[in-house]
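Peer 1: everything below, folded, please.
(one chain, ligands or ions: 1)
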Amino acid sequence: MTQILQIYYTKGTIVKEKLESLITNIPDFPKKGVMFKDINPLLEVHLKEVVELMSKQIDWSNIDAVIGIESRGFILGAAMAVQNNVGFIPIRKKGKLPPPVVSQAYTLEYGEDILEMALNDTVKRVVLVDDVLATGGTYNAARELCLKNNYDVKAFSVVIDLQFLNQLHKEIPNLYSIFNY
Ligand code: AMP
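Peer 2: So this is what the prediction gives:
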């Protein structure tokens with residue numbers, strides 16, 4: 001592990017291109033026409049470095065909690081929350097959280113679903129975290145859930161922004177990603 005890590009650092013800086021080479025492209029998954037970006041091989045070796053890169057982009061001085069979107073947003077978001085000493089709140093698929101919840105229907109790159117979050121008005125300033133931003137349907141639903149709870153979304157953080165599928169980087173100033181396509 002130590003040797004592998006050394007390859008990915010040059011003069012103490014994480015070499016993003018080397019990290020990027022661990023993202024796998026899976027054509028026609030989970031549906032024909034979708035190029036699935038699998039970040040699991042990247043996280044298997046470099047979860048710490050990915051979380052550090054994502055965390056560095058955010059001003060943590062005004063954040064109360066990280067909100068992770070099921071399911072890869074849990075892995076990244078929980079790690080970011082621990083690293084930056086703030087709380088963690090999950091957004092889950094319909095039926096997984098006990099009531100009371102706020103709900104929002106949405107369409108993503110390869111389907112439709114309903115997202116839910118616990119009804120809560122104690123937390124105020126939050127960072128939303130997911131693995132991939134594709135069409136933006138998931139982000140918009142997560143944002144709506146935050147509005148329903150009166151949360152102030154200070155930032156949205158993803159590993160990959162598929163900019164050829166969305167224009168959100170032009171619309172929201174507080175969208176942070178490590179890799180863009
Ligand atoms: P969207 O709502 O279209 O922005 O889709 C974002 C959500 O779907 C994220 O939670 C991703 O995990 C997943 N997703 C959508 N498209 C892809 C893709 N091409 N590769 C990997 N994950 C994707």
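Peer 1: show me what contacts Asp38?
Peer 2: 23-26 (Cβ atoms under 8 Å, 6 or more residues apart in numbering). C-beta here means a position set from N, CA and C on the backbone, and glycine is covered the same way.
Peer 1: do the same with Glu109
Peer 2: Here Glu109 is in contact with 34, 134-135, 137, 162, 165 (Cβ under 8 Å, 6+ apart).
Peer 1: quick check: Met117 touching Pro99?
Peer 2: No - contact criterion Cβ atoms under 8 Å: Met117 and Pro99 do not qualify, at 11.8 Å.
Peer 1: quick one: list the elements packing against the helix or strand that contains Glu44.
Peer 2: Element membership of Glu44, judged by DSSP states H and E, is helix 40-56. Where contact means 3 or more Cβ pairs under 8 Å, 6 or more residues apart in numbering; DSSP states H and E, helix 40-56 is packed against strand 13-14, helix 16-20, helix 72-83, strand 152-161, strand 175-180.
Peer 1: can you lay out these as JSON lines showing mean pLDDT?
Peer 2: Shown next, in JSON lines, are these (pLDDT from 0 to 100):
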{"stretch": "strand 13-14", "mean pLDDT": "66"}
{"stretch": "helix 16-20", "mean pLDDT": "91"}
{"stretch": "helix 72-83", "mean pLDDT": "98"}
{"stretch": "strand 152-161", "mean pLDDT": "98"}
{"stretch": "strand 175-180", "mean pLDDT": "96"}
